[in-house]
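S.K.: predicted model and sequence follow; I will ask about them next.
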Amino acid sequence: AMELMLPQVQDFTSYWGCFLAGIAGSFVYEVYRTWFAGATLLIPLMSTNVLPGEGSVSQVPILRMLLDVVLGIICGYAGGHWVRMHAQCAKLFKDFRTAAATKPANLTGLSEPLLGESPPSRVMGLITKCLGPLYRPLYNFQWRDLLICAAVTVLNTLWSAQVPLLNGKPQPLLLSNLFDKNLVRDREQWEFGPFGLVINFAMCGVMKWFMTMMALALSMPTGVVAPTMIIGGFIGRIFGSLLPDFLVDFILANPDGSPVTDDIRGAYMARFAIIGASAFCAAVTRAFAMAITVFEVLSLPNDVLPLCSASLVSIFVANTVELPFFDRNLASRGLGGIPALTFTDHADAPAFSIMRVIDVTKDCLYFKTRLFDMNDLLKRHPKQDYFPIVRMLEDGEAVLVASMSRRNVNRVIDMLDPHAAHPETLIDLLDPELQRPSDGSPPLVDGCPPHVSPSTTAKEVYLVMRVAHGEDAVYVTRDGALLGDITFASLMSHQP
């Protein structure tokens, strides 16, 4: 669970939060499993009737491994593009939900219609007049969210009802059916129309592909593991069904000459579904733990190497297509710095390449300055939260000696000149009383602001901010001379 959700750039709070949440979830699940033991109310996420060793013996293991790798490549390519399509779908839904509706100017009554006003406008005005004070809360109601959720729900219900393999089945049961070695043998129970086996699997896979994409783009919490495993299971079933019968019999032929039975063929096809489910889910989430989870839950020791190879290949291929699912969502919210620090070379970028260059003559406070200059700096930088305090050198450079937050600059101005009557008052910002007040109040000036060298990597800057100091700004200096600064917001929103 921690590998799936926690980015590689982690801190103490995030780690322990994920750890404790995982432990609590496991404990609650064990309580439920004990409570409903022997009942059908709690279905495992996945199960299979494939026995250990069934459908795994082959006289050409290299060829079989090659097929598993090919399936992993397909799942990786498909998983990367699924993440990209989901991001586009989520953007479309968000644009629709946040679209600004045209609000009528008169919400309480209707005056005489303007020249050329259309009948619909007069009707809308009449409705406004009749509803009166009830119209405003109705207008502000978030109907767009409900409309999207209802549309997706209706589409999913109607679409799945047309396909017997999907109709009314919860996700754990559907996964178990995909992993069933008798699924093809019992095709009369679920096959739809005269389309054939591959077309039926393709219709189910396409339906799950788009419905999962739309469901995960809704403005409500949903899960990604089981739905993407189902998509991968259908991809594996399609891949296995496309293999010619003579190739399957050649791969499954026993060295001792024993015949290939229908159970062995069915188990082999079910193993393709299992490998596809693991590989596609790993491609979407970029978590190798999916292979471990599938192996531990299904207890198929002969599938360790196929699961690992297909999942690793799918992750490698998906990395060339798109960011992982969770990181793509962060990037879409303007937090592209998190996946950039995790999955790109941005983590090794030097600080001087990502810093904001500071003009020491215009963007800084001198250690001895006037209240007028402090107020003028606040006006010229309305969005800046921290200001460096410098001592100028003869060569035009400035040495970083301290820093102040915007809030503390305002406090100093209010304390020394509350009525703005003496703007020329000179103040020494290195006064010990400002850095360590005698009354025990919080300091107004930070005499030791965090700073790094120009060659410090972006990942090390992140660790300085969040792990070592918990600061929101770090200054970049060379031999004490101030060059620029990096804020936490700019680091998290940086796109390499």
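M.R.: Nice, I can see it.
S.K.: ok, residue 55 touching residue 261?
M.R.: No: the pair residue 55 and residue 261 fails to qualify as a contact (CB atoms under 8 Å) at a distance of 9.8 Å. In this view, the C-beta of every residue, glycine as well, is placed from N, C-alpha and C.
S.K.: who has more neighbours, these two?
M.R.: residue 55 (26 against 12; other CB atoms under 10 Å).
S.K.: which other helices and strands contact the helix or strand containing residue 62?
M.R.: Secondary structure here is read from DSSP states H and E; on that basis residue 62 sits in helix 61-97. Contact analysis of helix 61-97 by 3 or more CB pairs under 8 Å, 6 or more residues apart in numbering; DSSP states H and E lists helix 143-161, helix 197-216, helix 225-242, helix 245-252, helix 262-285, helix 304-319, helix 325-332 as its packing neighbours.
S.K.: right, so those helices: which one is the most enclosed?
M.R.: Comparing the helices and strands packed on helix 61-97 on average neighbours per residue, with mean count of other CB atoms under 10 Å, the densest one is helix 262-285 at a mean of 27.
S.K.: next secondary structure element downstream of it?
M.R.: helix 289-298.
S.K.: can you pull the contacts of residue 197?
M.R.: Under the criterion of CB atoms under 8 Å, 6 or more residues apart in numbering, the neighbours of residue 197 are 184, 187, 191, 241.
S.K.: what about 10 Å?
M.R.: By CB atoms under 10 Å, 6 or more residues apart in numbering, the contact list for residue 197 reads 183, 184, 187, 191, 237, 238, 240, 241, 242.
S.K.: phi, psi for the second one please.
M.R.: Which is residue 184. Taking degrees, to the nearest 10, you get phi -70, psi -40 for the backbone angles of residue 184.
S.K.: how far away is it from residue 238?
M.R.: With the distance defined as CB to CB, to the nearest Å, residue 184 ends up 12 Å from residue 238.
S.K.: can you list residues touching both of these two?
M.R.: The contact lists of residue 184 and residue 238 share 197, 201, where a contact means CB under 10 Å, 6+ apart.
S.K.: residue closest to the middle of the chain?
M.R.: Centroid check for the chain by CA atoms, centre = their mean gives residue 326 as the closest residue, at 1.8 Å.
S.K.: test for you: state the pLDDT assigned to that residue.
M.R.: At residue 326, the predicted lDDT confidence score is 82.
S.K.: cool, and residue 271?
M.R.: With respect to pLDDT, residue 271 scores 93.
S.K.: now do the SS call for the closest residue to it other than its chain neighbours.
M.R.: Distances taken as CB to CB, 6 or more residues apart in numbering put residue 55 closest to residue 271, at 5.7 Å, once the chain neighbours are dropped. Local secondary structure at residue 55 is given as coil here, using DSSP: H, G, I helix; E, B strand; the rest coil.
S.K.: need phi/psi at residue 55.
M.R.: phi 80, psi 10.
S.K.: residue contacts, the spatially closest residue to residue 386 that is not a sequence neighbour?
M.R.: Nearest in space to residue 386, with sequence neighbours left out and distances taken as CB to CB, 6+ apart, is residue 473 at 4.4 Å. Taking CB under 10 Å, 6+ apart, we find residue 473 in contact with 356, 384-388, 403, 405, 449-451, 465, 485-491.
S.K.: likewise for residue 209?
M.R.: Each residue near residue 209 by CB under 10 Å, 6+ apart is listed here: 78, 82, 85, 227, 228, 230, 231, 234, 235.
S.K.: wait, which of the residues you listed is closest to residue 295?
M.R.: Compare each of the contacts of residue 209 with residue 295 using CB to CB and the shortest gap goes to residue 228, at 17.3 Å.
S.K.: in contact with that closest one, which residues?
M.R.: Taking CB under 10 Å, 6+ apart, we find residue 228 in contact with 75, 79, 82-83, 208-209, 212, 216, 277, 280-285, 290, 325.
S.K.: the same query, at a cut-off of 6 Å, please.
M.R.: When contacts are counted by CB atoms under 6 Å, 6 or more residues apart in numbering, residue 228 is found next to 280, 281, 284.
S.K.: now do residue 487
M.R.: When contacts are counted by CB under 6 Å, 6+ apart, residue 487 is found next to residue 473.
S.K.: from residue 366, how far off is it?
M.R.: Using CB to CB, one obtains 22 Å as the distance from residue 487 to residue 366.
S.K.: so where's the stretch 151-300 of the chain shaky on pLDDT?
M.R.: For the stretch 151-300 of the chain, applying pLDDT under 70 flags the ranges 221.
S.K.: any idea how far residue 386 is from residue 397?
M.R.: With distances defined as CB to CB, the gap from residue 386 to residue 397 amounts to 20 Å.
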